[in-house]
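Participant: Sequence and computational prediction follow.
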Amino acid sequence: MPLPADYRLVTVPETRQRDVLTLDVWAFPTEHTVDKLMTTPPGLPWGERTFAVERDGIPGYTGFHATYALQAYPVPGAEVSCGWLTWVGVHPGHRRRGILRAMIEHHFADCLAHGEAFSALTASEPSIYGRFGYGLAANVLSLNIPRGAALRSVAGSDALSVELAEWDAAAHSDLVADIHREYGRLPAGLGRPGWATRETADMRTYWDADPEHLRGGRESRRLVVVRDAGGRPTAFAAFRRTLKWEGMGSDGTVHVREAVALDAASAHRLWTVLLDLDLMNRVEVDNVATDDAIMRLLVDPRAVEPKYADHTWVRLLDVPRALAERRYAGDIDVVLEVTDAMVPANAGRWRVVASAFGHAEVTPTDAEPQLVLDVRELGSVHLGSVTWTSLAQAGLIEVRDPAALAPAAVAWSWPVAAAANWVF
């Protein structure tokens, strides 16, 4: 869908940051002024992959979106390029004019031009992106853990040393980034699909910043670092605390931004510290992988009030390439029929052949399809956590050959749950 005649898409340089933020506070209301937000690096990939919509005679921008060009995004068994869509917004005075659809179509073409076989995002409103072919591929947990919650014992935990420090980007940025990146590649040979790291300088700058006006009235960022006997960092948690006094007692909360550990003993030591800070009553943490170690370490997982939330939405743009880039957890030889209203090259019948934990050969075919689905559902199963069987039970795929469903469900699955522990 083209833009209306008096609108045009332009590339945005960093010198237009104020115009971007002016639009952003219209699209996403906030207590902060544009002047205050101008003091903090927004982490945008300025230049070639940052776009806005202008209207003739109207100052500023009416729409905006940007793309992080990720080069090492984890899919099952591989790290590949991905166009991560971010900062999507339309001014409320210019809605219902096709601006969002035009920006999405441009994003798709831009990704394909840069050799990215799929796009991904976290959605401000989950109901928006399905109509553009994005499928929900990864859920995460939010936990509210009581102080002192009992953990199952792990050998070697007590031997690990712990450091607590106030966040210092110069001292801690590389340490945190290294642990975060290594975690995404574990267990060795498998890795965690969807575990996006701060792989660009813009993303690292955004994560490292700790401006006072974005702390929500909480203290400055704190850090727990766990080290092994040789001094190697093996886990970290970034957190803040808030404290209120109720009557004669304290009511404190530890707000964990990230908690990442490279092994079981380090995870146990890290959470032992977080769950026993003075004056605190609870630990709150979002964006936890559904199979994170803490959910197995807790003696009473019911007490943490786990809540599911959507996180990563995936949109395949080059179906044969995207399917060939990842690995498969079982042998598979299946014919799919894919529909795609926005990228016609994806529509058609594809034969997918792979051996267990190998890459697939994906070829067009005239053979009768065994499974029929929209590209949205193919995006949902791409990271290995959403199953073909769940989609079939919901009536979202058509099973022409019942014997094909179980092998597809096994092959597209992955032993490690897809997740990312931050939003960007």
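Facilitator: In hand now; what should we look at?
Participant: Would you report the backbone torsion angles of residue 377?
Facilitator: phi -70, psi -30 (degrees, to the nearest 10).
Participant: So it sits against residue 397, correct?
Facilitator: Yes: with contact defined as C-beta atoms under 8 Å, residue 377 counts as touching residue 397 (5.6 Å). In short, each C-beta sits where N, CA and C put it, glycine included.
Participant: Only the buried residues of the helix or strand where residue 105 lies, if you could.
Facilitator: Taking DSSP states H and E as the definition, residue 105 sits inside helix 99-113. For helix 99-113, a neighbour-count test (16 or more other C-beta atoms under 10 Å) marks 99-100, 102-108, 110-112 as buried.
Participant: Can you name the residues that contact the closest residue to residue 152 other than its chain neighbours?
Facilitator: Nearest non-adjacent residue to residue 152, counting by C-beta to C-beta, 6 or more residues apart in numbering: residue 297, 5.4 Å away. The contact partners of residue 297, by C-beta atoms under 8 Å, 6 or more residues apart in numbering, come to 151-152, 154, 267-268, 271.
Participant: Return the members of these classed as buried.
Facilitator: Neighbour counting by 16+ other C-beta under 10 Å classes 151, 154, 267-268, 271 among those as buried.
Participant: Show me the shaky parts of the chain.
Facilitator: Applying pLDDT under 70 to the chain picks out no residues at all.
Participant: any idea which element the nearest residue to residue 286 once chain neighbours are set aside lies in?
Facilitator: Nearest residue to residue 286, sequence neighbours excluded (C-beta to C-beta, 6+ apart): residue 142, at 4.6 Å. Element membership for residue 142 (DSSP H and E) is strand 135-146.
Participant: What are the buried residues along that strand?
Facilitator: Buried, per 16+ other C-beta under 10 Å, within strand 135-146: 135-141, 143, 145.
Participant: Downstream of that strand, the next helix or strand is which one?
Facilitator: Note on strand 135-146: by DSSP H and E, the next helix or strand toward the C-terminus is strand 161-166.
Participant: picking that back up, of the buried residues of strand 135-146, just say which sits nearest to residue 93.
Facilitator: Nearest to residue 93 among those is residue 136, at 30.4 Å by C-beta to C-beta.
Participant: Please list all residues in contact with that closest one.
Facilitator: By C-beta under 8 Å, 6+ apart, the contact list for residue 136 reads 126, 310, 312-313, 380, 386.
Participant: and these, which are buried?
Facilitator: When these are checked for burial by 16+ other C-beta under 10 Å, the buried set is 312-313, 380, 386.
Participant: where along this protein do the helices fall?
Facilitator: Listed in chain order, the helices of the chain (DSSP state H) span 17-27, 34-37, 99-113, 126-129, 169-183, 201-208, 264-274, 293-297, 319-325, 375-380, 388-393, 405-412.
Participant: Can you say which of these is packed in most?
Facilitator: Compared across the helices of the chain, helix 375-380 shows the largest average neighbour count, a mean of 26 (mean count of other C-beta atoms under 10 Å).
Participant: Going by contacts, tell me the helices and strands next to that helix.
Facilitator: Counting by 3 or more C-beta pairs under 8 Å, 6 or more residues apart in numbering; DSSP states H and E, the packing neighbours recorded for helix 375-380 are strand 135-146, strand 307-316, strand 332-339.
Participant: Convert the C-alpha atoms of the strand holding residue 142 to PDB, please.
Facilitator: What follows is strand 135-146, C-alpha atoms only, in PDB (Å, rounded to 0.1, in the frame of the first residue of the first chain):
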ATOM      1  CA  GLY A 135       3.600 -15.000  14.600                       C
ATOM      2  CA  LEU A 136       4.100 -15.200  18.300                       C
ATOM      3  CA  ALA A 137       7.300 -17.400  18.700                       C
ATOM      4  CA  ALA A 138       8.400 -16.900  22.300                       C
ATOM      5  CA  ASN A 139       6.700 -16.300  25.600                       C
ATOM      6  CA  VAL A 140       8.400 -15.300  28.800                       C
ATOM      7  CA  LEU A 141       7.600 -15.300  32.500                       C
ATOM      8  CA  SER A 142       7.200 -12.500  35.200                       C
ATOM      9  CA  LEU A 143       7.900 -13.700  38.700                       C
ATOM     10  CA  ASN A 144       7.200 -12.200  42.200                       C
ATOM     11  CA  ILE A 145       9.500 -14.300  44.500                       C
ATOM     12  CA  PRO A 146       9.100 -13.900  48.300                       C
END
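Participant: Give me the angle between it and strand 307-316.
Facilitator: On the basis of axes from the mean of the first three to the mean of the last three C-alpha atoms, to 10 degrees, strand 135-146 is oriented at 160 degrees to strand 307-316.
Participant: For strand 135-146, which strands pair with it and how are they oriented?
Facilitator: The strands beside strand 135-146 in its sheet (DSSP bridges) come out as strand 282-289 (antiparallel), strand 307-316 (antiparallel).
Participant: Those: which one's closest to residue 193?
Facilitator: Set against residue 193 and scored by C-beta to C-beta, the strands paired with strand 135-146 come closest in strand 307-316, at 9.0 Å.
Participant: Would you mind giving the strands paired with strand 135-146 as CSV with distance to residue 348 added?
Facilitator: Output for those, formatted as CSV (distance: least, C-beta to C-beta, whole Å):
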stretch, distance to residue 348
strand 282-289, 35
strand 307-316, 13
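Participant: which stretch among these comes nearest residue 66?
Facilitator: strand 307-316 (15.9 Å).
Participant: Determine the angle, from 0 to 180 degrees, between that closest one and strand 332-339.
Facilitator: Using the same axes, to 10 degrees: strand 307-316 against strand 332-339 is 80 degrees.
Participant: Identify each buried residue in strand 307-316, please.
Facilitator: Taking 16+ other C-beta under 10 Å as the criterion, strand 307-316 shows 311-316 as buried.
Participant: same check, this time on stretch 111-121
Facilitator: Buried residues in stretch 111-121, defined by neighbour count with 16+ other C-beta under 10 Å: 111-112, 116-121.
Participant: closest to residue 363 among these?
Facilitator: The shortest approach to residue 363 among the buried residues of stretch 111-121 belongs to residue 117, at 15.8 Å (C-beta to C-beta).
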